[in-house]
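Novice: Structure, please.
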Amino acid sequence: MVVGGSRIESSYRKRYAFNGSFRFLYENQIQSERGFSDFQQTNRYNINWQHSQDAKSNPNSRFSASVNLGSSQFFRQSFNQVNQSATLVNNLSSSISYSKTFPGEPQVNVTTTVSHNQNTNTDVVNLTLPTLQASVSRVFPFAPKEGAKKG
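Specialist: Alright, predicted model coming up:
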C-alpha cells in the first residue's frame, strides 16, 4: 500500500479589518499494483475555511464564511488523523454570507447566503443556492417633512 498526500494550512489577519484560516488536506492511497484484480486507488480531501470581518472596519458591509467540505470517507479512513473523535464526524456543513446596509431614509438592508450540508454516512449533499433577503425601514409617504411622524 502506498499513501501520498499534502497538507496546506494558513492563517491570515488584517488588523481592524478581517481574519481567518484556511486548511486543505489531500490523500491518495494506492493498494496493490496496476493491472492486478485487487488494484484500488482512492482520493480523499477536506477543505476548511473560516473568515470573519471586524464589524468596525466597514459597518455597512459584512462578509463571513464558515466552510467545511470534503470526501465522505476522509475522517474515517485518513491516515493522518490525530484527533480520533473526528472519525465520528458524519455531517459537514458550510455557510457563506454577505450583507449590505444602505443608510439613509429609508434604510435598505440586503443579505445573501449560500449554504451546504453533507452527510458522510449516506453521501447526500444538500446545496442551498444563493438566497436573497431584503428589508426596508418603515416609510411614511404622507408624513410632513417636519414634525412628528404618525403611523
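Novice: Just the pLDDT for Gly147.
Specialist: For Gly147, the model assigns a pLDDT of 66.
Novice: I'd like the distance between the nearest residue to Asn119 once chain neighbours are set aside and His51.
Specialist: Nearest residue to Asn119 in three dimensions, chain neighbours excluded: Asn91, at 5.9 Å (Cβ to Cβ, 6 or more residues apart in numbering). Where you see a C-beta, it was placed from the backbone N, CA and C, and this is true even at glycine. Distance from Asn91 to His51, counting by Cβ to Cβ, to the nearest Å: 21 Å.
Novice: More neighbours: which of the two?
Specialist: Ranked by neighbour count (other Cβ atoms under 10 Å), Asn91 and His51 place His51 first, with 16 against 10.
Novice: Quick check: that one vs Thr131, distance?
Specialist: Going from His51 to Thr131 by Cβ to Cβ gives 19 Å.
Novice: next one: Ser52
Specialist: 20 Å.
Novice: what comes into contact with stretch 52-66?
Specialist: 16-20, 49-51, 94-103 (Cβ atoms under 8 Å, 6 or more residues apart in numbering).
Novice: Just the buried residues of the residues you listed.
Specialist: 18, 20, 49, 51, 94, 96-98 (16 or more other Cβ atoms under 10 Å).
Novice: Show me which pair in those residues is furthest apart.
Specialist: Comparing all pairs in these by Cβ to Cβ, the longest separation belongs to Phe18 and Ser94, at 18.0 Å.
Novice: Please identify the helix or strand for the residue nearest to the spatial centre of the chain.
Specialist: With distances taken as Cα atoms, centre = their mean, the chain has Val67 as the residue nearest its mean C-alpha position (2.4 Å). Assigned by DSSP states H and E, Val67 belongs to strand 61-70.
Novice: Mind listing what's buried along that strand?
Specialist: Of the residues in strand 61-70, 62, 64-70 count as buried by neighbour count, 16+ other Cβ under 10 Å.
Novice: now the strands: where do they sit in the protein?
Specialist: 2-14, 18-31, 40-53, 61-70, 91-102, 108-119, 124-136 (DSSP state E).
Novice: Let's have those in CSV, adding distance to Ala143 and mean pLDDT.
Specialist: Compiled in CSV, the strands of the chain are given as follows (distance: least, Cβ to Cβ, whole Å; pLDDT from 0 to 100):
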stretch, distance to Ala143, mean pLDDT
strand 2-14, 43, 86
strand 18-31, 40, 89
strand 40-53, 36, 89
strand 61-70, 30, 93
strand 91-102, 21, 94
strand 108-119, 19, 94
strand 124-136, 15, 92
